[in-house]
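Colleague: one predicted model, sequence on top.
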Amino acid sequence: MKLAFATKTLAAAVIAMSAHAGAAQAQTKIRAGTASFNEALMPIYAAQEKGYYKEAGIEVEMTNFRGGAPAIQALVSGGIEMCLCAADHIVRLKGRRMPAQILVGLDEFHSYAIVAKASSPFTNLESLKGKRIGITAPGSLTDNTLRYSMVSSGFRPERDFEIMGTGGGGPMIAAIDTGQVDAGMLITTDIENIMQKPGAYKVVIEYRDMPYASFGALVLQSWVKANPKDAAAFAKATVRAIEDLKKDPKFAVSVIQKMYPSFSPELAAAVAKSAVQRTPNGGIVSAASLENLNKIVTATDKSLTPVSLDEAFDASLVKQ
C-alpha cells in the first residue's frame with residue numbers, strides 16, 4: 001500500500017511539474033524598445049510589478065535606445081516587436097508603407113513645454129523671435145511641435161528663430177542655465193523637477209494641456225495579425241495596471257519612486273499625480289489626441305498623410 005501511495009504521489013508530482021514547465025514554456029517574450037525614459041512608462045512598470053504580464057503568458061523585455069529614430073529602426077528591422085515611444089511615428093511608418101498601430105495609449109496629452117529662466121523677459125513665442133530655442137533632436141516631437149507652433153503663428157522657423165538640438169533632460173537644462181539657448185523644450189518630469197526650485201524657471205509656452213497621442217506602445221500591424229493573442233494579452237494587462245494606478249495614488253507614487261530612486265517624496269508625488277492624470281482611461285486613444293498629432297506631424301513634412309483613428313488604434317484589443 002505504501003509503495004502504491006508513493007508511486008501515485010510521485011506521478012502526481014511529475015504531472016504537476018510538467019504542467020508548470022508547460023506554463024513556463026508558454027511565456028511569450030515581447031522585446032520592447034524605449035525611446036526615452038519618462039513617467040509615461042509607469043503603466044508598463046506597474047503591470048510588471050503586479051505580475052499582470054506573467055499572468056497573461058507574456059514577458060516584456062525592455063531595451064533602452066537613444067531616441068525614437070533608432071528604436072523605430074529596430075522595430076522595422078525586427079530587432080524588437082514593440083516601441084514604447086512617441087506615437088507620431090505611426091504617421092511616418094505609414095509613409096514608408098510599414099503600417100503600425102498603438103496597442104495601448106500611455107499619454108493622451110502633449111508632454112512638453114518651452115521653459116526659460118524666470119529672470120528672462122520671454123512670455124510668448126513672439127518675444128522669442130530671433131532667439132535660440134532648444135529642442136531634443138531634429139525631427140523629434142519637440143522639433144515638430146515648435147515648427148508647427150511657429151508656422152501657425154505666422155513665423156518662418158528657419159529665418160525668425162535659431163533652433164538648436166541639445167538633447168533632453170540634463171543637457172537641455174544645462175543649455176538653458178549656461179545661456180547656450182534662451183529657452184528650451186522640457187518634458188513633464190524635468191519640469192516638475194526644476195520647479196522644485198521656486199523662482200528659478202518659468203514656463204513660457206505650455207503645450208501640455210493639448211490633447212495629443214504623445215506616447216504609446218507601438219507595433220507593426222503585421223505583428224498584430226501574426227500574434228493576435230499576444231497583442232491582446234499585452235493590451236489587457238497594461239490596461240489593468242492603468243486602472244490600478246488611477247484607483248490607488250499611493251501605488252502610483254511607489255512605482256515612480258522605484259523608477260526614479262533619487263526623487264524626493266514630494267517630487268515623486270507630484271510626478272505620479274501628473275502622470276496618472278495624463279494616462280488615458282482604459283488606454284484608449286482619443287480622436288482629439290490623434291487629430292492634433294496629425295496636424296503637427298504633417299504640417300512640417302508635406303510628404304506625409306494623416307493616419308485615421310481606425311488605422312492608428314484598435315480599441316477592441318483593450319476592451320476584450
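Modeller: It's in. Numbers count the residues shown, from 1 in each chain.
Colleague: which strands or helices does the helix or strand containing residue 43 pack on?
Modeller: For residue 43, the element it lies in under DSSP states H and E is helix 42-50. On a contact count with 3 or more CB pairs under 8 Å, 6 or more residues apart in numbering; DSSP states H and E, helix 42-50 meets strand 58-64, strand 100-109, helix 228-247, helix 249-259, helix 265-278. C-beta here means a position set from N, CA and C on the backbone, and glycine is covered the same way.
Colleague: hey, where'd the strands end up in the protein?
Modeller: Secondary structure of the chain (DSSP state E): strands at 28-34, 58-64, 82-85, 100-109, 112-117, 132-135, 162-165, 183-187, 201-206, 211-220.
Colleague: break the chain into its domains for me.
Modeller: As recorded under automatic domain parsing, the domains making up the chain are 27-110+211-319, 112-206.
Colleague: who is the most centrally placed residue in the chain paired with across the strands?
Modeller: Residue closest to the mean C-alpha point of the chain, counted by CA atoms, centre = their mean, is residue 215 at 3.3 Å. With DSSP bridges as the criterion, residue 215 is bridged to residue 107.
Colleague: wait, isn't it in contact with residue 109?
Modeller: No - contact between residue 215 and residue 109 fails when scored by CB atoms under 8 Å: they sit 9.5 Å apart.
Colleague: could you list the residues in contact with the helix holding residue 43?
Modeller: Residues outside helix 42-50 that contact it (CB atoms under 8 Å, 6 or more residues apart in numbering) are 32, 53, 60, 62, 84, 104, 106, 217, 237-238, 240-242, 244-245, 251-252, 255-256, 258-259, 272, 275-276, 279, 283.
Colleague: pretty sure residue 67 contacts residue 34?
Modeller: No - using CB under 8 Å, residue 67 makes no contact with residue 34, being 10.2 Å away.
Colleague: those two - which one has more neighbours?
Modeller: Between residue 67 and residue 34, counting by other CB atoms under 10 Å, residue 34 is the more crowded of the two (20 against 17).
Colleague: any weak-confidence spans in this structure?
Modeller: 1-26, 320 (pLDDT under 70).
Colleague: sorry, back to before: out of the contacts of helix 42-50, which are buried?
Modeller: Neighbour counting with 16 or more other CB atoms under 10 Å marks 32, 53, 60, 62, 84, 104, 106, 217, 237-238, 240-242, 244-245, 251-252, 255-256, 259, 272, 275-276, 279, 283 as buried within those.
Colleague: need the contact list for the closest residue to residue 156 other than its chain neighbours.
Modeller: Nearest residue to residue 156 in three dimensions, chain neighbours excluded: residue 150, at 7.4 Å (CB to CB, 6 or more residues apart in numbering). Contacts for residue 150 (CB under 8 Å, 6+ apart) come out as 125, 156, 157, 160, 161.
Colleague: now neighbour count too, for those, in JSON lines please.
Modeller: Output for the contacts of residue 150, formatted as JSON lines (neighbours: other CB atoms under 10 Å):
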{"residue": "125", "neighbour count": "21"}
{"residue": "156", "neighbour count": "9"}
{"residue": "157", "neighbour count": "17"}
{"residue": "160", "neighbour count": "16"}
{"residue": "161", "neighbour count": "20"}
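Colleague: and which of the residues you listed is nearest residue 191?
Modeller: Checking the contacts of residue 150 against residue 191 by CB to CB gives residue 125 as the nearest, at 17.9 Å.
Colleague: that closest one: what's it in contact with?
Modeller: By CB under 8 Å, 6+ apart, the residues touching residue 125 are 149, 150, 153, 155, 205.
Colleague: list just the nearest of those to residue 118.
Modeller: residue 205 (14.9 Å).
Colleague: quick check, that closest one in contact with residue 149.
Modeller: Yes - if you go by CB under 8 Å, residue 205 and residue 149 touch, sitting 7.1 Å apart.
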